[in-house]
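Novice: only the shape, not the letters, is given here:
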């Protein structure tokens, strides 16, 4: 009978667990690089929370809407420039920036990263946090396989850490690089 018992280990996807999003939180998701994760995060906050998804183009809006509908998640969708997120001053508990497809490096190439991260910081309440989920190095045997996500040329966490610090997040830390993901967190502790 011992071998027939089900393990009690969490079966949540790694990115969902590492985000630390909890039921009842007010969540702002920036980008739609990973639509299934986007929907899973919206489901995690539940009916007692709020899930707002900000995208900057109609194609990303369609992906987000479709993923949420398939999962049965309720989202509020905002389509427009990411820099306008600061109009929701101190409204959110957590911001998740979906960067597995290279969103942050593309914003840095356009010179918009600082403005977008500052707007995200304004949208957070005091004590709120931002979690950036990016494509990262693959560990163990996964390093021998081709990457699941495209290499964006953003090969270290240093650029993300520096971008968050420049935007006013403090402290900033690398949570983990695991299974092809990189997780970076920053807190809004002042102002």
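Specialist: Yes, it's here. Quick caveat, the model's predicted, so the values are computed rather than measured.
Novice: run through who's touching the least confident helix or strand in the chain by mean pLDDT.
Specialist: Least confident helix or strand of the chain, by mean pLDDT, DSSP states H and E, is helix 103-109 with a mean of 87. For helix 103-109, the external contacting residues (C-beta atoms under 8 Å, 6 or more residues apart in numbering) are 30-31, 33, 82, 97, 99, 113, 116, 132, 134, 152-154, 159-160, 163. Just so you know, the C-beta spots here come from the backbone N, C-alpha and C atoms, and that holds for glycine as well.
Novice: packing partners for the top helix by length along the chain?
Specialist: Longest helix of the chain, by residue count under DSSP state H: helix 58-71. Judged by 3 or more C-beta pairs under 8 Å, 6 or more residues apart in numbering; DSSP states H and E, helix 58-71 is in contact with helix 35-45, strand 50-55, strand 76-79.
Novice: angle of that helix against strand 50-55?
Specialist: Computed by axes from the mean of the first three to the mean of the last three C-alpha atoms, to 10 degrees, the angle separating helix 58-71 from strand 50-55 equals 150 degrees.
Novice: what comes up buried for helix 58-71?
Specialist: 60-61, 63-65, 67-68, 71 (16 or more other C-beta atoms under 10 Å).
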